[in-house]
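Colleague: how would this look folded up:
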Amino acid sequence: MRHQSNPSQEPTGQQSDAVDVVGTWVTADGHIRQELRADGRYDEARGNRRSAYTGRYTVTGSPLDYVDDAGFTATGDIRDGVLFHEHLVLYKEQQA
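Modeller: Numbers count the residues shown, from 1 in each chain. Modelled structure (predicted):
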């Protein structure tokens, strides 16, 4: 059974402190790219597979909570400018 969420309880990308999460985060090998958008949505690419995972995220300080469009959840945490997302380590991509 797929979990149906209540729109009034949908997470947003709003954050409660100065941690700036919006942007593209990438693994050191470049294989996984996670775009965290200002509207509270995320889009994760894996290798050549675009939009492998999509959903919403919420930020409260440095912890992130993810709710995938397929219904599963995940967590992340930003420490010293590095995003630890489950078993992944991602670095914020610098804008040119």
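Colleague: Can you pull the poorly scored residue ranges out of the protein?
Modeller: 1-19, 95-96 (pLDDT under 70).
Colleague: at 50 what do you get?
Modeller: Along the chain, the parts satisfying pLDDT under 50 run over 1-18.
Colleague: In it, spot the strand with the most residues.
Modeller: The longest strand of the chain (DSSP state E) is strand 49-59.
Colleague: I'd like to know which elements that one is packed against.
Modeller: In terms of contacts (3 or more Cβ pairs under 8 Å, 6 or more residues apart in numbering; DSSP states H and E), strand 49-59 is packed against strand 41-46, strand 63-68. The way it works is simple: take the backbone N, C-alpha and C, and place the C-beta from them, glycine included.
Colleague: Just put these in CSV and tack on distance to Tyr91 and mean neighbour count.
Modeller: Below are those laid out as CSV (distance: least, Cβ to Cβ, whole Å; neighbours: other Cβ atoms under 10 Å):
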stretch, distance to Tyr91, mean neighbour count
strand 41-46, 15, 18
strand 63-68, 15, 18
